[in-house]
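Visitor: what follows is a predicted protein model with its sequence.
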Amino acid sequence: MSAGGILFLSPLMLAITVWIKLDSKGPVLFKQERVGKDGEIFTILKFRTMAEGSEKTGFHVTENDSRITKSGDFLRKTSLDELPQLFNILIGDMSIIGPRPTLKYQVDNYTDFQKRRLEVRPGVTGWAQVNGRNSLSWPERIKYDVWYVDNYSFWLDIKILWKTIFVWLRGEGIYAEKEKFIVGDDDNDKLG
């Protein structure tokens, strides 16, 4: 699927590449180390949406963040900044469906319950994304991710793909409130 997606979307990805280069200085791709299945570190690829070096001033991004470029604002609102992750899927670091990959400092603070989300490959979309995305608190996202791990099936993945289309069309939950971005304690409740 990822190879087909890359081939089909290559004209769009080329147009985005040109737009980013014309819009601001810096590389086209944003690369960042993330934690994948079984705690393996990999480099996630995204189209760059912020001024070069912005990640050095903090990871939390708000809707009106001055670090976001003009092209980046559109790419974030449409989630087109995620398209390069098709290459992460192609090489096996990610899956289409699964918990979103997180940063190492977050994983370093995981409880045993939270570590369960690392039992599957991270995905471009997942159960937490279609049930609130960044509007969820960190513990809520973890619960949805672990629920997905416990209930994984082909049909659940189809349901998530279908729901992703509607979440994407509505542009829901793109930005998180700062207090919801922080890794917190988890009471180990499960969501059904």
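Guide: Noted; the coordinates are in hand.

Visitor: right, and residue 45 touches residue 82 too?
Guide: No: with contact defined as Cβ atoms under 8 Å, residue 45 and residue 82 do not form a contacting pair (9.2 Å). All C-beta spots, glycine's among them, are computed from the backbone N, C-alpha and C.

Visitor: tell me which residue of the protein is furthest from the middle?
Guide: residue 22 (25.2 Å; Cα atoms, centre = their mean).

Visitor: I'd like to know how far that one sits from residue 71.
Guide: Relative to residue 71, residue 22 is positioned 8 Å away (Cβ to Cβ, to the nearest Å).

Visitor: can I get the CA coordinates of the longest helix seen in the chain in CSV?
Guide: Longest helix in the chain, counting residues (DSSP state H): helix 2-23. Backbone C-alpha positions of helix 2-23 (Å, rounded to 0.1, in the frame of the first residue of the first chain) are rendered in CSV as follows:
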residue,chain,number,x,y,z
SER,A,2,2.8,2.5,0.9
ALA,A,3,4.6,1.9,-2.4
GLY,A,4,1.3,2.5,-4.3
GLY,A,5,0.6,5.6,-2.2
ILE,A,6,4.1,7.0,-2.9
LEU,A,7,3.7,6.4,-6.6
PHE,A,8,0.2,7.8,-6.8
LEU,A,9,0.9,10.8,-4.6
SER,A,10,4.4,11.7,-6.0
PRO,A,11,3.1,14.6,-8.1
LEU,A,12,1.5,16.1,-5.0
MET,A,13,4.6,15.5,-2.9
LEU,A,14,6.7,17.2,-5.6
ALA,A,15,4.4,20.2,-5.6
ILE,A,16,4.7,20.4,-1.7
THR,A,17,8.5,20.1,-2.0
VAL,A,18,8.6,23.1,-4.3
TRP,A,19,6.2,25.1,-2.2
ILE,A,20,8.2,24.5,1.0
LYS,A,21,11.5,25.5,-0.7
LEU,A,22,9.9,28.7,-2.1
ASP,A,23,8.2,29.6,1.2
